[in-house]
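Enquirer: A predicted structure for the sequence below; I have some questions about it.
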Amino acid sequence: MSQEIDAIKSRLNIVDLIGEYVRLQKAGNSWKACCPFHNEKTPSFTVSEDKQFWHCFGCGKGGDVFTFLMEIEGLTFREALENLAQRTGVELPKYQSSGENYAPDKKNKLLEILELATLFYEKQLWEGMGKNKALNYLRERGLKDETIKEFRLGYAPEGWRNILNFLAGKGFNLKDILNSGLIIQKEPNIWEAGNFYDRFRGRIMFPILNPAGKAVGYSARVEPGGDESQAKYINTPETEIYHKGNILYGIDKAKMEAKNKDWILLVEGNMDVIAAHQAGIKNTVAVSGTALTSEQLSIIKRYTSNIRMFFDMDEAGQKAAVRSAQIAFDKELNVAIVAAENAKDAADMVKENQEEFLAAVNQAAPAMEYFIGSFLKNRNRNNIEDKKKIINELAGLVNSFANKMEREFWIKKIAEKLEVSENILFDEFNKREYVVVPRNEIGNIELGNASRSGSALDKIKNIQVQIMGALISDDNFWREGIEKYKNEIEKYFDNEGIVNILISQGGQAGFNFEKLLESLENPEQRKFLRELYFKNCEADEDFSSGQDKWLALEQYFSELKRQIAKKKSVEIIEKIKQAENSGDKEAVKKLSAELMEINNIR
């Protein structure tokens, strides 16, 4: 697959791709823009046309054409690969997955089936058996025709084999249709048409689209007047392309708006998403057939770290809000709660009073403030039993904070409200564990960051980092620099991480910066090196010739040696003082000779 990846990169200019999403401006040898992944006024998003990668100094994200498309469109690597392969005309081979011969054709076939099914259901809603009862129901709920079409709502007519016969007529076999989740097999291992029937019958169809806008499943509501003894809503079962815990309804339409506004509205149902979108809040999503999951929050975090939650005001809805907030706190997301006392759900509120709905969303309260106020309501904070109940209700929320500073902040607030000491509250909350999925820990890098401190050690570290940046900013300069200064680097660099990157791993990558980045597994190292690269590319523009850069490098090494000698001098002087205090004349004589030698070097 590496050949195909290289072929895509060779045919696609990263500036052209990123330029489709952000307005790039030439800045020396690079391009700059305001970052599309976080809010900023001063451009810190930089693209290297020469090296074909990008980096944001503000949020720290960066990578190549694949990582950019994955970030901006919320795609998996495979989806980004297929997208760019199609764009550049590169043919991708089949690949192995879990021991099976899984080809892109297999996934594409399922997507094609679901696209045709969506068209079928849409036609049934507008021209077929759904054009009266089902379409009128949607209009009565306050949806405009253009909104219904935008969300591609449809209708699955009554009957046992409507979609089955339609897809079979298009040439798809029973196994593929079954794998799409659209039909049910009555008896296993019997592959006759009579052994299968449509899963969705007499239902309004809500296609569930992935971030790229492709249908991967459905949520289906029983039609008005239909048999509600069955489930009101049924969803596509887990399939090869649909995993209900890994997708959000409406994400395809909400993602860019969420990026631009830097917040997203999370509601409970499909109709809530559509109604909010129609009211102007296009950055709205909902879970689909499951409670909110950590994976869904990871999807949201691609676009924003700020969530406003609008859940039903009944007991079940408020419990869902608490649980969802706990998971979000653990993901270090900022949560606000939309309070709407007189509304059953977002869709009803939009229909009855759209302005009131918009005001409620805009006035969303920080989640902890909302929950503290809610749990204190109708309680006597001076009553010990009520205090215990409030502490018990708040414990899961407080303990779910991944950020210790936030946890300490809210414990202090609660202590003030309940008029109890912070220490007692810490003890009480610590008794009640909140268990979450372990977070991935990123190992500490050993490259070190340039420091503004004035200590000798920090000056030495800064010079080492400056030398490193000067070398990696140009492949040929790097290669020749190692040939010339390898011994000095090994002798005067005390940071093994920098030495390893410059000499060993750099050599393995052919002193090619892009290949070096690809070889590094630690994302923090890649981030550090991208920033260092761009900073030194800008500095390189100040050199009038290559000879000036060599002269600067020589000065760096001279200053490094001087600072190391200076540091050693300070250490020896301190030892001389100790030897004089102890009356050790021999040690004083020996140390004085060392000091003179070092000063001669300086």
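Expert: Yep, that arrived.
Enquirer: Can you find the helix or strand of this protein with the lowest average pLDDT?
Expert: strand 100-102 (a mean of 39; mean pLDDT, DSSP states H and E).
Enquirer: Identify the residues contacting the helix or strand following that one?
Expert: Using DSSP states H and E, the helix or strand that follows strand 100-102 in sequence is helix 104-126. Applying Cβ atoms under 8 Å, 6 or more residues apart in numbering, the contact partners of helix 104-126 are 78, 82, 92, 94, 130-131, 134-135, 148-149, 152-157, 163, 166-167, 170, 172, 176-177, 179-180, 182, 204-205, 207, 214-217, 239-241. Where C-beta positions appear, they are placed from N, C-alpha and C, glycine not excepted.
Enquirer: tell me which element I390 is part of?
Expert: helix 384-399.
Enquirer: chain center to that helix: distance?
Expert: Averaging C-alpha positions (Cα atoms, centre = their mean, to the nearest Å) puts helix 384-399 32 Å from its chain's average.
Enquirer: Compute the number of surrounding residues for G159.
Expert: 14 (other Cβ atoms under 10 Å).
Enquirer: list the contacts for the residue nearest to Q508 when sequence neighbours are not counted?
Expert: The shortest distance from Q508 to any non-neighbouring residue, by Cβ to Cβ, 6 or more residues apart in numbering, is to S519 (6.9 Å). Applying Cβ under 8 Å, 6+ apart, we find S519 in contact with Q505, Q508, A509.
Enquirer: any idea how far the residue nearest the centre of the chain is from T67?
Expert: Centroid check for the chain by Cα atoms, centre = their mean gives R302 as the closest residue, at 3.0 Å. As for R302, its distance to T67 is 12 Å (criterion: Cβ to Cβ, to the nearest Å).
Enquirer: I391 now?
Expert: 45 Å.
Enquirer: out of these two, which sits in the busier spot?
Expert: I391 (20 against 16).
Enquirer: dump the residue contacts of that one.
Expert: By Cβ under 8 Å, 6+ apart, I391 lies in contact with I414, L418, L425, E428, F429.
Enquirer: Repeat that for L24.
Expert: Going by Cβ under 8 Å, 6+ apart, L24 touches V15, I18, W31, K32, A33, V47.
Enquirer: cool, and K255?
Expert: E73, G74, P211, R302, Y303.
Enquirer: isn't the last one right up against I264?
Expert: Yes - using Cβ atoms under 8 Å, Y303 makes contact with I264 at a distance of 6.7 Å.
Enquirer: Touching both of those two, which residues are there?
Expert: The contact lists of Y303 and I264 share A254, A258, where a contact means Cβ under 8 Å, 6+ apart.
Enquirer: Okay, and which of the contacts of helix 104-126 map to helices?
Expert: Counting by DSSP state H, those place R78, E82, A134, L135, I148, K149, I163, F166, L167, D176, I177, N179 in helices.
Enquirer: Correct me if wrong: T236 contacts I183.
Expert: No - judged on Cβ under 8 Å, T236 makes no contact with I183 at a distance of 11.2 Å.
Enquirer: so what's in contact with these two at the same time?
Expert: R199.
Enquirer: Neighbours of the closest residue to L17 other than its chain neighbours, how many?
Expert: Computed as Cβ to Cβ, 6+ apart, the closest residue to L17 that is not its neighbour in sequence is V65, at 5.4 Å. Number of residues near V65 (other Cβ under 10 Å) recorded here: 23.
Enquirer: How far does the longest helix seen in the chain sit from its chain's centre?
Expert: If you go by DSSP H, the chain has its longest helix at helix 546-582. Offset of helix 546-582 from its chain centre (Cα atoms, centre = their mean): 44 Å.
Enquirer: all helices in the stretch 401-550 of the chain, in order from the N-terminus.
Expert: Under the criterion DSSP state H, counting those that start in this stretch, helices of the stretch 401-550 of the chain are mapped to 404-418, 422-431, 456-472, 475-492, 496-499, 506-508, 513-519, 523-540, 546-582.
Enquirer: give me the low-pLDDT residue ranges for the stretch 101-250 of the chain?
Expert: 101-105, 228-229 (pLDDT under 70).
Enquirer: so F37 is in which element?
Expert: In this structure, F37 sits in neither a helix nor a strand according to DSSP H and E.
Enquirer: so it makes contact with G60?
Expert: No - when contacts are counted by Cβ under 8 Å, F37 is not listed as touching G60 (9.6 Å).
Enquirer: and the closest residue to Q52 other than its chain neighbours, how far is that from G28?
Expert: Nearest residue to Q52, sequence neighbours excluded (Cβ to Cβ, 6+ apart): I14, at 4.7 Å. Per Cβ to Cβ, I14 is found 17 Å from G28.
Enquirer: More neighbours: these two, which one.
Expert: I14 (20 against 12).
Enquirer: ok now do that one, which residues does it touch?
Expert: Neighbours of I14 in contact, by Cβ under 8 Å, 6+ apart: V47, S48, E49, Q52, F53, W54, D64, V65, F68.
Enquirer: Take those residues and keep only those in strands.
Expert: In this view, the contacts of I14 that belong to strands under DSSP state E are V47, S48, F53, W54.
Enquirer: partner residues bridging the last one?
Expert: When bridges are called by DSSP bridges, W54 pairs up with V47, G63.
Enquirer: Could you give the number of residues near the closest residue to L12 other than its chain neighbours?
Expert: Of all residues not flanking L12 in the chain, T88 sits nearest, at 5.3 Å (Cβ to Cβ, 6+ apart). By other Cβ under 10 Å, 15 other residues sit near T88.
Enquirer: now the one 3 residues further on
Expert: E91 is flanked by 8 other residues according to other Cβ under 10 Å.
Enquirer: can you pull the contacts of the closest residue to it other than its chain neighbours?
Expert: Nearest residue to E91 in three dimensions, chain neighbours excluded: A85, at 7.2 Å (Cβ to Cβ, 6+ apart). Counting by Cβ under 8 Å, 6+ apart, A85 touches E4, I8, E91, L92.
Enquirer: make it 10 Å
Expert: For A85, the contact set (Cβ atoms under 10 Å, 6 or more residues apart in numbering) comprises E4, I5, A7, I8, R11, E91, L92, P104.
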